[in-house]
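J.: Based on what follows, work out the 3D shape:
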Amino acid sequence: MLSIENALMMISYDEDSRTLALVDKKRGTHWVLDPQSLAYGRMPDELKANDLSARQAIFPAEVSSTHPGTLSLVYQAGKTPVEITYALHDDYVEVHLPVPADDIGFATLPGSFLPEDEPHRFLLPIMQGMLWDGRGPEQNTLCSEGHHSGFTMPFVGLLAQRGGLLMTAESQDDCLWWYGKAASGQTWATNVQIASLGTMRYERTVRLYVTDPDIVAITKQYRRKVIEQGRFKSWDEKIAERPALERIFGALMCYIGYCEDDIDYVANCKKLKAYGFDRALLYPGRFNTYYDDIRMGGVPAVHLNEATVKAIKALGYDMAPWSWLNEALPASGEDVTKMYRRDRQGQIIPNWQIDDQQWNMMCYSYIPEYQQKALKTSITDMTWDHFDVLACIEPMECYALDHPQHLGRPSTRTEDRQWIRDTFMADQAAGLIVSSETFNDAYSLEYDFGSVKALPLYGPWPFWPVPLTMLVYHDSMVHSWWEPHNYNNPWHGHTSWGGGCYQSGGGKPHIMAAMDALMGCPPDVFPFGAMYTYIGHGSDTMLYKNRFEDAEVQVALKQARPVAQLHQRIGKQEMVDFEILSDDGYVQQTTFADGTRVTANFSLDFVNTEKYLSPQTSSADHVLSPESWRVD
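T.: Below is the predicted model of the structure:
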């Protein structure tokens, strides 16, 4: 047996059983690498077709420990040797994949570890975060960062009975995440490193940390790592640089639809003010894109004039455009379409479509310059900015050879990410609050809001939403709802993900408000305006309008007001604790740095909460109503 160890951990390889194990010496958990989860090949899509239970396990052909504190394993991937090196540091293990031969297009790094003789659960940072104990249908999921079902943070957590394990991707730009459940019931989760411009042309790294076996321990270890690596900035630091951010706290997220409407927006904002919302973040006030004459069902995009925006701002409200820069219509003109992104075959890449309008992907090298100009011209009167999918779609490669920023060569995903960061930083330089679709901590220093949350559904649901993002970033970022998923807006429908493992949607004001209170986030209402959307039946669409006086809007605003008041109180604080209090998952509790404790009941049942309440709570008040929350 070969082994390396320090005070916290030991890594060993047993040649007889061909077992690689990471031993947590403090807690006694043995984390064993599942050889069936090792995969190497030309195309990552090959993983989608491979049922783990049918895979042939790959074992190392050579194992050595030639340097103190390191253990190297050389696997034979077909005719190609692939080396994986484990290096012990004081409080983590670093796993390296040196540059393999050119015929390797992806490699799991390092594969899936599972606890020996202990049950386990996974923490998957999908949307706000998911706790999965292996229930539900078979899974064979390969996903990137972002999107609505991708990873919001680059890690996998495992919880055993005695210990926990955190796996983080240190090489984040060219990677995917692979998790699943085989027909046998076997589960797995691992990082997958993929080729950059066709080859694995630089060394890749992940880290492994051993922790206590709970959600808070995993997330706080990840938080410490992010802080140590300089990828965390607190609200106080951000506000010192951009004082406008102070207006986030206590505000209503106020969506007003994509489409032009015949209402008086200022008069309706005055109604919100009279209702008790002294702060609101309205969006979109107009579209910031390459072509103005966008039609949705024949209706123009919303475009509030300067006088209207000025009057809304005079109420103390903030206004954002809809910055839609990742793609462009052919009608945008040759000066724009020449900046289309190209694939390996040199073809443009179609993406979003509304009716007969087809948008094509832009090369992100063009976006920072465009945004800098827009901030001085078409959106100069805006106080915050919401980007459509800039943080949502993972960085991509561009194979056009005539783009000035990568003239004569294709651009990498790493370059793409930097251009996204530069675009967000242009907004920061103008003093704006910065928001984008999808929470993605690759941009934790560059933006302030990320969206898309799952509905709080527990009990028989296989994936249980838990506040991983806010346990790490509550005192640095906001995790908001996707723009059509407002308290009063059921029209987009409820979408099930992962073969029915979890669900997203809007129009459930009581449990959505309870989720925002639990997570310490601002409320979200669509009180007035016009919206065009797909309705969940193929390409069928509809235009609908909301009015302040609608019964659904009034219910939503009633639920939103106390959430906004709570957010004003705790919005800048660290979330320091989280507990699932009931066996069915529906009763949960968070604690913030000042001692504020929020308890939420997401179920339809009354809950006797005497054992959940702090000693300071009135002994006469023991019942937490269905779909409600309370503060201690």
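
J.: quick one: strands adjacent to the lowest-mean-pLDDT helix or strand in the chain?
T.: Least confident helix or strand of the chain, by mean pLDDT, DSSP states H and E, is strand 607-608 with a mean of 80. Sheet pairing of strand 607-608 (DSSP bridges) gives strand 623-624 (antiparallel).

J.: Quick one: distance of the strand it pairs with to the chain centre.
T.: Relative to the chain's own centre, strand 623-624 is displaced by 32 Å; criterion: CA atoms, centre = their mean, to the nearest Å.

J.: could you point out which element follows the one helix or strand Arg207 maps to?
T.: In the assignment (DSSP states H and E), Arg207 maps to strand 204-211. Next in sequence after strand 204-211, counting helices and strands by DSSP H and E, comes helix 215-228.

J.: Pull that following helix out as CSV, backbone CA atoms only.
T.: Only the C-alpha atoms of helix 215-228 are listed here, as CSV (Å, rounded to 0.1, in the frame of the first residue of the first chain):
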residue,chain,number,x,y,z
ILE,A,215,-24.6,21.9,5.0
VAL,A,216,-23.2,24.8,6.9
ALA,A,217,-19.7,23.3,7.3
ILE,A,218,-19.5,22.6,3.6
THR,A,219,-20.6,26.0,2.5
LYS,A,220,-18.5,27.9,5.1
GLN,A,221,-15.4,26.0,4.0
TYR,A,222,-16.1,27.0,0.4
ARG,A,223,-16.7,30.6,1.6
ARG,A,224,-13.3,30.6,3.4
LYS,A,225,-11.6,29.5,0.2
VAL,A,226,-13.3,32.2,-1.9
ILE,A,227,-12.3,34.8,0.6
GLU,A,228,-8.7,33.6,0.7
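
J.: That helix to strand 204-211, inter-axis angle?
T.: 130 degrees (axes from the mean of the first three to the mean of the last three CA atoms, to 10 degrees).

J.: Show the secondary-structure elements that helix 215-228 is packed against.
T.: Using 3 or more CB pairs under 8 Å, 6 or more residues apart in numbering; DSSP states H and E, the elements in contact with helix 215-228 are strand 121-124, strand 155-159, strand 164-169, strand 204-211, helix 468-473, strand 575-580. Every C-beta, even on glycine, is put in place using the N, C-alpha and C of the backbone.

J.: how big is the angle separating the last one from helix 215-228?
T.: In this structure, strand 575-580 runs at an angle of 150 degrees to helix 215-228, with the same axes, to 10 degrees as the basis.

J.: Partner strands of the following helix or strand past strand 575-580 and their direction?
T.: Reading on from strand 575-580 to the C-terminus, the next helix or strand found by DSSP H and E is strand 587-592. Each strand that pairs with strand 587-592, with its direction, by DSSP bridges: strand 575-580 (antiparallel), strand 597-601 (antiparallel).

J.: so where's the longest helix in the protein?
T.: Longest helix in the chain, counting residues (DSSP state H): helix 551-570.

J.: list the helices and strands that helix packs on?
T.: Secondary-structure packing of helix 551-570 (3+ CB pairs under 8 Å, 6+ apart): helix 265-275, helix 509-519, strand 524-525.

J.: what about it, distance to the chain center?
T.: With CA atoms, centre = their mean as the basis, helix 551-570 stands 24 Å off its chain's centre.

J.: For this protein, which residues score under the pLDDT cut-off?
T.: The model of the chain has pLDDT under 70 over residues 50-54, 535-539, 609-622.

J.: show me where it has helices.
T.: Going by DSSP H, the chain shows helices at 215-228, 235-241, 265-275, 306-314, 334-337, 367-376, 413-429, 468-473, 509-519, 551-570.

J.: which parts of the fifth one are buried?
T.: Put plainly, it is helix 334-337. By neighbour count on 16 or more other CB atoms under 10 Å, the buried set for helix 334-337 is Val336, Thr337.

J.: Run through the neighbouring helices and strands of it.
T.: Judged by 3+ CB pairs under 8 Å, 6+ apart, helix 334-337 has no packing partners among the helices and strands.

J.: Contacts for it next, please.
T.: Contact with helix 334-337 is made by Tyr290, Tyr291, Ala328, Pro330, Asn360, Met362, as judged by CB atoms under 8 Å, 6 or more residues apart in numbering.

J.: Export the residues you listed as a markdown table, with columns for distance to Asp264.
T.: Compiled in a markdown table, the contacts of helix 334-337 are given as follows (distance: CB to CB, whole Å):
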| residue | distance to Asp264 |
| --- | --- |
| Tyr290 | 30 |
| Tyr291 | 28 |
| Ala328 | 32 |
| Pro330 | 36 |
| Asn360 | 37 |
| Met362 | 36 |
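
J.: Among these, name the ones in strands.
T.: Among the contacts of helix 334-337, the ones falling in strands (DSSP state E) are Ala328, Asn360.

J.: which among the contacts of helix 334-337 end up buried?
T.: Judged by 16+ other CB under 10 Å, buried ones among the contacts of helix 334-337: Tyr290, Tyr291, Ala328, Asn360, Met362.

J.: about what we covered before: which one, of the helices and strands packed on helix 551-570, ends up nearest to Phe606?
T.: Comparing the helices and strands packed on helix 551-570 by their distance to Phe606 (CB to CB), the top pick is helix 509-519, with 13.8 Å.

J.: How about residues contacting that closest one?
T.: Applying CB under 8 Å, 6+ apart, the contact partners of helix 509-519 are 128, 453, 455-456, 465, 467, 470, 474, 479, 481, 485, 487-488, 506, 521-524, 552, 555-556, 559-560, 562-563, 566-567, 575, 588-590, 598, 600-602, 627-629, 631.

J.: Could you look over the helices of the chain and pick the most buried one?
T.: Most buried of the helices of the chain by mean neighbour count (mean count of other CB atoms under 10 Å) is helix 468-473; its value is a mean of 26.

J.: And it, what does it pack against?
T.: Looks like helix 468-473 contacts helix 215-228, strand 478-479, strand 575-580 (3+ CB pairs under 8 Å, 6+ apart).

J.: TSV please, covering those and showing distance to Trp178.
T.: What follows is these, written out as TSV (distance: least, CB to CB, whole Å):
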stretch	distance to Trp178
helix 215-228	19
strand 478-479	25
strand 575-580	27
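
J.: what about these, which gets the closest to Met319?
T.: Across the helices and strands packed on helix 468-473, Met319 has its closest neighbour in strand 478-479 (17.2 Å, CB to CB).

J.: in its sheet, what does the closest one sit against?
T.: Strand 478-479 has the following strand partners under DSSP bridges: strand 449-450 (parallel).

J.: how about the nearest residue to Glu327, chain neighbours excluded?
T.: Nearest residue to Glu327, sequence neighbours excluded (CB to CB, 6 or more residues apart in numbering): Trp359, at 4.0 Å.

J.: ok, that neighbour touching Trp352?
T.: Yes - in this structure, Trp359 is within contact of Trp352 by CB atoms under 8 Å, at 4.4 Å.

J.: residues shared between the contacts of the two?
T.: With CB under 8 Å, 6+ apart as the test, Trp359 and Trp352 both reach Glu327.

J.: So those two - more neighbours on which side?
T.: Taking other CB atoms under 10 Å, Trp359 and Trp352 do not tie; Trp359 has more neighbours (21 against 15).

J.: quick one: contacts for the more buried one?
T.: Contacts for Trp359 (CB under 8 Å, 6+ apart) come out as Glu327, Ala328, Leu329, Pro350, Asn351, Trp352, Gln353.

J.: Tell me the one among these nearest to Gln186.
T.: Distance to Gln186, by CB to CB, is smallest for Asn351 among the contacts of Trp359, at 36.2 Å.

J.: wait, isn't that closest one in contact with Asn360?
T.: Yes - applying CB under 8 Å as the test, Asn351 and Asn360 come out as touching, 6.6 Å apart.

J.: any shared contact partners between these two?
T.: Counting by CB under 8 Å, 6+ apart, the residues touching both Asn351 and Asn360 are Glu327.
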